[in-house]
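Visitor: Need coordinates for the following:
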Amino acid sequence: MNAPRAIAAVCLSALAACTVGPNYRRPDVPTPPAFSELGDYAHAQTPPSDADLSRWWLQFHDPVLQSLVERALASNLDLEAAASRVRQARFEEKVAGAAQWPSVSATGSALTLNSDRGSGAPSTGASAAAQSLALPGHLNLYSAGFDATWELDLFGGVRRQIQEAKANSEAAVWARRDGEVTLTAEVAADYLTLREVQTRIALGEAELARQGDIGALVAARREVGFVTNLDVNQQTGATAAAAAQLRQLEAQERTEIHAIAVLLDETPETLEPTLASRGALPAPSPSLPIGLPSDLLQRRPDIREAERKLAAANAEIGVQTANLYPKLDLIGLASFASPSLDNLLSSQNFTSAGLGLLSAPLFSAGKTRAAIGEAKEQAVQARIAYRGAVLGALRDAEDALARHRSEEARRAQLARAVDAAADSLTIAQNQYRVGLVTFLNVYTAENTLLNARDQLAQSDAQSAQDLISLYKALGGGWAA
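Guide: Numbers count the residues shown, from 1 in each chain. You can find the predicted model right below:
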């Protein structure tokens, strides 16, 4: 290789190594050393950051819940759409990568030319011109070949496009995983709500039966003159109120079953035979791997998605910046041309040509720099969104911890209230039987116990719901 060619090769290599635009570096978002709401949280553990939360619903030890979650992960429509977006992003990544390679096309043509020179017509106009050019009366021309174009990525615009497409593809993967987190939490929340409602229905049915027994007792006492119709009316009203609340809970039970079915890509009534059989509210394991706030940066798919979108926005700045610099296109042509198909591919009929086309922007009325400015602002917004995702995750975890701790303490108080209300009702009933109090005392004690039991059932469910929120806030529910 002579000196000029060597110098040209070195210059070309140097240009190829040039990539304009800022290189990406993930922002450093500080996190606190520990969750402030953790305190003396009885169920908390702070294991290594690789604690497995991918199948947190197993901690509830409920085979029905486990089956519902796994069926939802396999068939949910939102996840199917998210998976399609992942595949789309990966195709876009391949499209971007193809731009760094030459584009080659095959060509072929067949031409037949007939002239009227021999027809005896006057040689005027176009015919005269054709005769002056000595065109044949009949001509066949066949050709076949290839052409190739290759835009050299001198300033890294294509490389930045590949980086952007790859980051967008990774963001789509994390978006799907975030969909898994949301879906598992939603299925579990609906299931626990269903079990809560069914528990309250069982309490309501037992209370309705008990109210019927008391109603019979009150009616018997009225017959012998121990009480008046006032007591009977009060008991009748209490029985009717209990029945009305029961109907409302039964409607809510069916709506929760319908909601779960849709999450599983089933028609609303599909799960009624399975879930209508009432089960107890599942009790989760007492320990919970809380971890550290910094773990959220790796656990939470929405944070990972926001970070990848920031990387894509950063790469877009380089894509637009490359438009300020010259572009070099290499064009190559190779073809065979012959008036006969028999010897078309003969070496004597081969022709080739090469062309290097250098173009440089001179004037675009500020369009290129405006596009760069737009890309920079999009990167600023993506950076803000990333920081917002981190702060939002920290808040989610702190809020879930605070709610669960508070609900656990409330449950303990409600359990004591149920015990006290049950004891008060027994005393009131005994006093009523011997005529020491009116039925109003029994009626009041009944309502107190019913409300206490109902509140305790709701608190049990709320505590479990808060635990689900905590698992979701910690980023549980997805697997690589």
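
Visitor: Tell me which residues touch the closest residue to residue 334 other than its chain neighbours, please.
Guide: Leaving aside its sequence neighbours, residue 334 sits nearest to residue 352 (CB to CB, 6 or more residues apart in numbering; 4.5 Å). Yep, even glycine has a C-beta here, placed from its N, CA and C like the rest. Residues in contact with residue 352 (CB atoms under 8 Å, 6 or more residues apart in numbering) are 332-335.

Visitor: again with residue 275
Guide: 64, 194, 257, 260.

Visitor: Kindly report the same for residue 57.
Guide: 65-66, 69, 184, 188, 477 are the contacts of residue 57 under CB under 8 Å, 6+ apart.

Visitor: So among these, which ones count as buried?
Guide: 65, 69, 184, 188, 477 (16 or more other CB atoms under 10 Å).

Visitor: Using TSV, lay out these together with distance to residue 316.
Guide: Converted to TSV, these look like this (distance: CB to CB, whole Å):
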residue	distance to residue 316
65	43
69	38
184	33
188	38
477	31
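
Visitor: Restricted to helices, list those residues.
Guide: 65, 69, 184, 188 (DSSP state H).

Visitor: Isn't residue 353 up against residue 332?
Guide: Yes - the criterion here is CB atoms under 8 Å, and residue 353 meets it with residue 332 at 7.4 Å.

Visitor: all helices in the stretch 301-450 of the chain, in order from the N-terminus.
Guide: Under the criterion DSSP state H, counting those that start in this stretch, the stretch 301-450 of the chain contains helices at 301-321, 367-433, 439-473.

Visitor: Centre of the chain to the second one, how far?
Guide: Think helix 367-433. Put simply, helix 367-433 sits 21 Å off its chain's centre (CA atoms, centre = their mean, to the nearest Å).

Visitor: helices or strands up against that helix?
Guide: helix 296-299, helix 301-321, helix 439-473 (3 or more CB pairs under 8 Å, 6 or more residues apart in numbering; DSSP states H and E).

Visitor: could you redo the last one with a cut-off of 10 Å?
Guide: strand 44-45, helix 157-223, helix 296-299, helix 301-321, helix 439-473 (3 or more CB pairs under 10 Å, 6 or more residues apart in numbering; DSSP states H and E).

Visitor: Give me the angle between the second one and helix 301-321.
Guide: So the one you mean is helix 157-223. Inter-element angle recorded for helix 157-223 and helix 301-321: 150 degrees (by axes from the mean of the first three to the mean of the last three CA atoms, to 10 degrees).

Visitor: For helix 157-223, which helices and strands make contact with it?
Guide: helix 63-75, helix 77-98, strand 138-152, helix 229-263, helix 272-275, helix 301-321, helix 367-433, helix 439-473.

Visitor: wait, residue 394 sits on residue 292?
Guide: No - using CB atoms under 10 Å, residue 394 makes no contact with residue 292, being 11.1 Å away.

Visitor: Between the two, which contacts overlap?
Guide: By CB atoms under 10 Å, 6 or more residues apart in numbering, residue 394 and residue 292 have these common neighbours: 31-32, 35.

Visitor: you'd agree residue 22 is in a helix?
Guide: No - counting by DSSP: H, G, I helix; E, B strand; the rest coil, residue 22 is not part of a helix but coil.

Visitor: Might you report the residue contacts of it?
Guide: Residue 22 touches 160, 314-315, 317-318, 321, 376, 379, counting by CB under 10 Å, 6+ apart.

Visitor: wait, which of those is closest to residue 238?
Guide: Nearest to residue 238 among those is residue 379, at 65.9 Å by CB to CB.

Visitor: Thought residue 313 was touching the closest one, still the case?
Guide: Yes - between residue 379 and residue 313 there is a contact under CB under 10 Å: 4.1 Å.

Visitor: more crowded one of those two?
Guide: residue 313 (24 against 21; other CB atoms under 10 Å).

Visitor: Excluding chain neighbours, give the residue nearest to the residue nearest the centre of the chain in space.
Guide: Nearest to the geometric centre of the chain sits residue 179, at 3.1 Å (CA atoms, centre = their mean). In space, and not counting its chain neighbours, residue 179 is closest to residue 82: 4.7 Å by CB to CB, 6+ apart.

Visitor: Is the one you found in contact with residue 171, as I believe?
Guide: No - taking contacts as CB under 10 Å, residue 82 lies outside contact range of residue 171: 11.4 Å.

Visitor: which of the two has more neighbours?
Guide: Per other CB under 10 Å, whichever of residue 82 and residue 171 has more neighbours is residue 171, with 22 against 19.

Visitor: Next one: that one relative to residue 86, how far apart?
Guide: Distance, residue 171 to residue 86, using CB to CB, to the nearest Å: 10 Å.

Visitor: Quick check: mean pLDDT of stretch 382-399?
Guide: Average pLDDT, stretch 382-399: 95.

Visitor: Contacts for it next, please.
Guide: So stretch 382-399 is contacted by 26-27, 29-32, 35-38, 290-291, 293-297, 299-300, 302-314, 316, 466, 469-470, 472-475 (CB under 10 Å, 6+ apart).

Visitor: hey, C-alpha coordinates of that stretch in CSV?
Guide: Provided in CSV are the C-alpha atoms of stretch 382-399 (Å, rounded to 0.1, in the frame of the first residue of the first chain):
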residue,chain,number,x,y,z
ALA,A,382,-36.5,11.6,30.9
ARG,A,383,-34.0,12.4,33.7
ILE,A,384,-36.7,14.1,35.7
ALA,A,385,-39.0,11.1,35.1
TYR,A,386,-36.2,8.8,36.3
ARG,A,387,-35.7,10.7,39.5
GLY,A,388,-39.5,10.9,40.0
ALA,A,389,-39.7,7.1,39.6
VAL,A,390,-37.1,6.6,42.4
LEU,A,391,-38.8,9.1,44.7
GLY,A,392,-42.2,7.6,44.0
ALA,A,393,-40.9,4.1,44.8
LEU,A,394,-39.4,5.3,48.1
ARG,A,395,-42.8,6.9,49.0
ASP,A,396,-44.7,3.8,48.0
ALA,A,397,-42.6,1.6,50.3
GLU,A,398,-42.8,4.1,53.2
ASP,A,399,-46.5,4.5,52.8
